Structures are given as C-alpha cells and as structure tokens.
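**Student:** Sequence first, then the predicted structure, then my questions.
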Amino acid sequence: MILASILGTLTGGLTSILPGVLSYLQRRDELKHESQLLALKARYAQQDAQRAIDIIDARADADEGKSLRDHDATLDGGGFINTLRRSVRPVITYLFFFLFLFIKVVAVLAAMRTVGAEDWLANSLLWSDLMPIIWDDQTAAIFGAIIGFWFGSRAIEKLMRR
C-alpha cells in the first residue's frame with residue numbers, strides 16, 4: 001500500500017511536470033526557428049543593401065560620363081578648333097594602325113629574308129609559317145582591345161539608355 005501511494009505520488013508529480021517539459025521543448029524549437037529566420041532575413045537584407053549600393057555606383061558612373069560629355073559639348077573654339085578636337089582620336093588611331101601594320105610587314109619580310117626572298121616558297125616557307133608572325137596572341141589582344149574600345153562603349157551606352 002505504501003508502495004502504491006509512493007508510485008501514485010511520483011506518477012502524479014511526473015505527469016504534472018510533463019506538460020511544462022513539453023511546452024519548454026516546443027518553445028525552444030520555436031525560438032530556434034525564429035533565430036534561423038532572423039539570420040536569413042539579415043543575410044538577404046545585407047545582399048539587398050549591397051545590390052542597392054552597386055546600382056547607386058553604376059548610376060554615378062553613368063552620370064559622371066554624361067556630365068563629361070555634356071561639358072565637352074558646351075566647349076566651342078570655332079570651326080577649325082572643333083574639327084581639330086574631333087579628329088584627335090581618329091588620327092592617333094590611324095597613326096598607330098599604320099605603325100602596327102609597318103611593324104608586321106617588316107617582321108614578315110625579315111622572316112622571308114632568313115630563308116631567301118627569291119625562293120621562300122621553294123624552301124617550304126608557307127603562309128602557315130608566317131601566320132604566327134602576322135597574328136599572334138598579342139596581336140589578338142590588341143585587336144580585341146581596339147574593337148572593345150571603339151564599339152564596346154557604344155553598346156554599354158545603348159544599354160544604359162534602355
């Protein structure tokens with residue numbers, strides 16, 4: 001009988017504690033879930049802030065370029081000066097192109113001279129042998145930079161206008 005009363009008391013006490021323990025475990029899981037949600041929200045907020053900063057930087061760069069072009073458009077030195085100002089970049093481009101072409105022609109002639117200019121085909125110096133001299137990796141890089149410079153900025157400006 002005493003054993004039954006002790007067991008009844010213990011069972012009653014444990015069953016009265018059980019809802020509190022279950023409530024504690026449930027609340028702990030809820031807090032863990034809320035903590036994970038807050039961490040995700042903070043990470044996404046940081047990414048959104050970085051994206052907003054990137055957009056502001058891009059707009060500032062575009063505005064700076066527009067401001068520089070607007071400033072250049074307001075400068076007026078008269079007909080001859082304006083024509084001279086507009087011709088500087090194309091003239092420099094043509095000069096460097098002809099210098100580049102001259103260097104490539106000299107390199108090809110030097111390669112032909114090593115074999116003998118009169119019989120370079122007879123000595124099996126083919127165009128395929130000359131192509132690495134004419135079009136090497138550095139030439140391809142220069143060509144890409146020039147095309148990117150002259151046409152890339154226009155494409156970017158068109159995208160910015162949209």
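**Tutor:** Sure, I can see it. Since this is a predicted model, take the numbers as computed values, not measurements.
**Student:** so how far is the strand or helix carrying Ala60 off the chain centroid?
**Tutor:** Using DSSP states H and E, Ala60 sits within helix 2-74. Distance of helix 2-74 from its chain centroid, counting by C-alpha atoms, centre = their mean, to the nearest Å, is 31 Å.
**Student:** Following the chain onward from it, which element is next?
**Tutor:** By DSSP H and E, the next helix or strand past helix 2-74 is helix 79-115.
**Student:** rewinding a little: and the helix holding Ala60 with helix 79-115, angle?
**Tutor:** Orientation of helix 2-74 against helix 79-115 (axes from the mean of the first three to the mean of the last three C-alpha atoms, to 10 degrees) gives an angle of 100 degrees.
**Student:** Domain map for this structure?
**Tutor:** Domain assignment for the chain by automatic domain parsing gives 1-74, 79-162.
**Student:** In terms of mean pLDDT, which of the ones you listed ranks lowest?
**Tutor:** Of all the domains of the chain, the minimum mean pLDDT falls on domain 79-162 (a mean of 78).
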